[in-house]
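Chemist: Output the structure for:
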Amino acid sequence: MKPNELNYRMPAEWATHERTFISWPVQDSMVYPEHYEQVTAGYAEIITAMSEFEPVTVIVNPDDMEKVSALFAGNDVVNCLPIEHNDAWLRDNGPTFLLNEQDELAGVNWGFNAWGGKYSPWDLDDAVAPQILKHVGVKQFDAPLVMEGGSIHSDGEGTLLTTEECLLNTNRNPELSREQIEAHVKSFVNVNEIIWLKRGLSGDETDGHVDNIACFAAPGKVILQVCNDPADDNYEITQENLRILENAIDAKGRKLTIIPIEQPPLREFDGQRLTLSYLNFYFVNGGIILPVFGGAAEETDRKAEQVLAAAFPDRKIRTVNGMAIISEGGNVHCTTQQMPAGRT
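Modeler: Purely as a prediction, here's the structure:
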């Protein structure tokens, strides 16, 4: 049976967490392996920040266990779990956790092909989710769909955000129609309404993951990263998505309240635009881990922190250096996967 037939659903990310899972970087698979020390220092900062709010389990290749365990030896809420993996973006190859009406946990194991076959090999990454679900001892649902967790965002009340650019890309599920993809997503995360944005941010190598451009702040309330410069490629993209959200109705029949966050200034590395996004923040228990970018972005960093503080007055906004890992293609949300509090 499918999750929706058993009343399992994907809870909102702001629901109480049991813990966070995060994968440790693998130098051999990095786009810029010479940045390994910088990137791992960035991961250590993110893990330490999250551990101020909740337990963290770090997925580590067995050969790295001793080294990584030593980094967090004095932190009682961080532990390491040896699972072989090719790359470090656990949001995308890890499980999507579900809860039923009795607060029993389960998880979806999506197919993973490294964002449409962009990085080989990915066989170890495709096998990570089942190992995590076995480790925590919960029911596993195998979805007949190649999909990454960063491409969807749930309000916990039956509405999902995604982008056509990613979910309908022929490098994921070329044999499936839009209707078939939508039906699979609805049945495996148990939503009634999917709001289809058109595109993600310019230069995003994930083919437009929604977690860089929009997310729910609460049922009926969406935060959207916007661009105000008509000369920037993101202007047309974000204005189009804004129009879609302004006309959308969620699963409960509500019009959406939209909270804009101004994008950081354009920044390039090695001739390529970096996908800088404040929307790649991560909910933790009682807080938010927000990547900030410094330099020319100091003003938008400050504005983003103010917007999130106003949207979440009961949460502490904890900033981390968003430049530490961005050259590898993602940020805080991309690296993490929340396990909601429930019964195993």
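
Chemist: and the gap between G287 and Q131?
Modeler: 28 Å (C-beta to C-beta, to the nearest Å). To be clear about C-beta, it is placed using only N, CA and C from the backbone, and glycine gets the same treatment.

Chemist: actually R315, not the one I typed
Modeler: Distance, R315 to Q131, using C-beta to C-beta: 31 Å.

Chemist: what are the ranges of the helices in the stretch 101-250 of the chain?
Modeler: For the stretch 101-250 of the chain, applying DSSP state H, counting those that start in this stretch gives helices covering 114-117, 123-126, 128-136, 164-167, 178-189, 233-246.

Chemist: residues in contact with the fourth one?
Modeler: Among residues not part of helix 164-167, those counted as contacts by C-beta atoms under 8 Å, 6 or more residues apart in numbering are 147-148, 151-152, 172, 181, 185, 196-200, 206-210.

Chemist: In the stretch 51-200 of the chain, mark out all the strands, start to finish.
Modeler: Under the criterion DSSP state E, counting those that start in this stretch, the stretch 51-200 of the chain contains strands at 56-60, 78-82, 96-99, 105-111, 139-146, 153-154, 159-163, 193-197.

Chemist: list the helices and strands the shortest one packs on?
Modeler: For strand 153-154, the elements it packs on are strand 159-163, strand 214-218, judged by 3 or more C-beta pairs under 8 Å, 6 or more residues apart in numbering; DSSP states H and E.

Chemist: Compute the mean per-residue pLDDT across it, please.
Modeler: Average pLDDT, strand 153-154: 98.

Chemist: Same question for the second one.
Modeler: Looking at strand 78-82 alone, the average pLDDT works out to 98.

Chemist: one step back: highest mean neighbour count across the helices and strands packed on strand 153-154, which stretch is it?
Modeler: Across these, the average number of neighbours (mean count of other C-beta atoms under 10 Å) peaks for strand 159-163, which reaches a mean of 26.

Chemist: With just CA atoms, put that strand into CSV.
Modeler: Listed next in CSV are the C-alpha coordinates belonging to strand 159-163 (Å, rounded to 0.1, in the frame of the first residue of the first chain):
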residue,chain,number,x,y,z
THR,A,159,-0.2,21.5,-0.1
LEU,A,160,3.1,21.1,-1.8
LEU,A,161,5.4,23.6,-3.6
THR,A,162,7.6,22.4,-6.5
THR,A,163,8.9,23.6,-9.9
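
Chemist: quick one: which helix or strand includes I288?
Modeler: Assigned by DSSP states H and E, I288 belongs to strand 287-292.

Chemist: nope, Q306 is what I was after
Modeler: Element membership of Q306 [criterion: DSSP H and E] is helix 298-311.

Chemist: Residues touching that helix, excluding its own?
Modeler: Helix 298-311 has contacts (C-beta under 8 Å, 6+ apart) with 217, 221, 223, 259-265, 278, 281, 288, 290, 292-294, 315, 317, 319.

Chemist: hmm, 6 Å instead?
Modeler: By C-beta atoms under 6 Å, 6 or more residues apart in numbering, the residues outside helix 298-311 that reach it are 217, 259, 261-262, 264, 278, 288, 292, 317.

Chemist: Whichever of these end up buried, select them in PyMOL.
Modeler: The PyMOL command for the buried members of these (criterion: 16 or more other C-beta atoms under 10 Å) is given here:
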select buried, resi 217+259+261+264+278+288+292+317
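
Chemist: May I see the contacts of helix 298-311 arranged in a markdown table, with distance to N109 as well?
Modeler: As requested, these are exported to a markdown table (distance: C-beta to C-beta, whole Å):
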| residue | distance to N109 |
| --- | --- |
| A217 | 28 |
| I259 | 33 |
| I261 | 32 |
| E262 | 37 |
| P264 | 34 |
| Y278 | 30 |
| I288 | 28 |
| V292 | 34 |
| I317 | 33 |
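
Chemist: now, among the contacts of helix 298-311, which is nearest to E84?
Modeler: I288 (31.3 Å; C-beta to C-beta).

Chemist: Relative to L276, how far out is that closest one?
Modeler: Distance, I288 to L276, by C-beta to C-beta: 17 Å.

Chemist: Distance from the chain centre to stretch 57-76, please.
Modeler: When distances are taken as C-alpha atoms, centre = their mean, to the nearest Å, stretch 57-76 is centred 22 Å away from the chain's centroid.

Chemist: Next, the buried residues of it.
Modeler: Going by neighbour count (16+ other C-beta under 10 Å), the buried part of stretch 57-76 is 57-61, 64, 68, 71-72.

Chemist: what's next to that stretch, contact-wise?
Modeler: Contact partners of stretch 57-76, identified using C-beta under 6 Å, 6+ apart, comprise 19, 21-24, 44, 51, 78-84.

Chemist: likewise stretch 278-291?
Modeler: 13-14, 17, 49-50, 53-54, 212-213, 215, 225, 261, 304, 308, 315-320, 322, 331-333, 336.

Chemist: ditto for stretch 317-336
Modeler: 20, 22, 31-32, 39, 42, 45-46, 49, 89, 91, 150, 205, 211, 269, 274, 280, 282, 287-293, 305, 308-309.

Chemist: which of the residues you listed are buried?
Modeler: Neighbour counting by 16+ other C-beta under 10 Å classes 20, 22, 39, 42, 45-46, 49, 89, 91, 150, 211, 274, 280, 282, 287-293, 305, 308 among these as buried.
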